[in-house]
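S.K.: pasting the sequence and the predicted model now:
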Amino acid sequence: MYLFKLVVLFLFVFLNQSFSVASTSILDSGMSARQIAEGILRDARKKQAMAAKEKVNVVMYSTSWCGYCKKARRYFKSKGIKYTEYDIERSTAAKWKYDRLGGKGVPLILIGNNRMRGFSVRRFDRLYEKSR
């Protein structure tokens, strides 16, 4: 509802200012104000849905020497997957969180509400898609 009110306010300001400006704009397209508003709302909803899909939270508890952690880092980078990494040997806070999660080896990867011990591309992809 807040987004809708914001868009309506934007349209009111935009349309009032656009009528006084003689330039090429969406108003010159021959569409009605209602069609313009519906288009803007449709685009806003698409952007909001895409942003929600991208918000899969990936967290990895790792160490600097772990081979599977390195493999996971390389994979995340190659796929453009944003993640947060905590080194459990360098941070006592990270170690404390890792212990609270029942960590028994690295990497411990959290994907949304799912947990993965170790790393394999196939298992990660399955859990990542499930979390989207």
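M.R.: The structure has been received and is ready for your questions. Residues are numbered from 1 along each chain as shown.

S.K.: show me where the chain has helices.
M.R.: For the chain, the helices defined by DSSP state H occupy 2-20, 33-54, 67-79, 92-100, 121-131.

S.K.: got the buried residues for the longest one?
M.R.: In terms of neighbour count (16 or more other Cβ atoms under 10 Å), helix 33-54 has its buried residues at 36-37, 40. For the C-beta atoms, the positions are set from N, CA and C on the backbone; glycine is no exception.

S.K.: try the last one
M.R.: Neighbour-count burial for helix 121-131, with 16+ other Cβ under 10 Å as criterion, is recorded at 124, 127-128.

S.K.: and for the third one?
M.R.: For helix 67-79, the buried set under the neighbour-count rule, 16+ other Cβ under 10 Å, comprises 68-69, 72-73, 76.

S.K.: which residues sit against that helix?
M.R.: Helix 67-79 is contacted from outside by 58, 60, 62-63, 81-83, 85, 106-107, 109, 118-119, 121, 124, using Cβ atoms under 8 Å, 6 or more residues apart in numbering.

S.K.: tell me which of these is nearest to residue 92?
M.R.: Among the contacts of helix 67-79, residue 63 lies closest to residue 92 (Cβ to Cβ), at 14.0 Å.

S.K.: wait, that closest one sits on residue 106?
M.R.: Yes - contact criterion Cβ atoms under 8 Å: residue 63 and residue 106 qualify, at 5.2 Å.

S.K.: more neighbours, those two?
M.R.: Neighbour totals were compared for residue 63 and residue 106, and residue 106 leads with 23 against 14 (other Cβ atoms under 10 Å).
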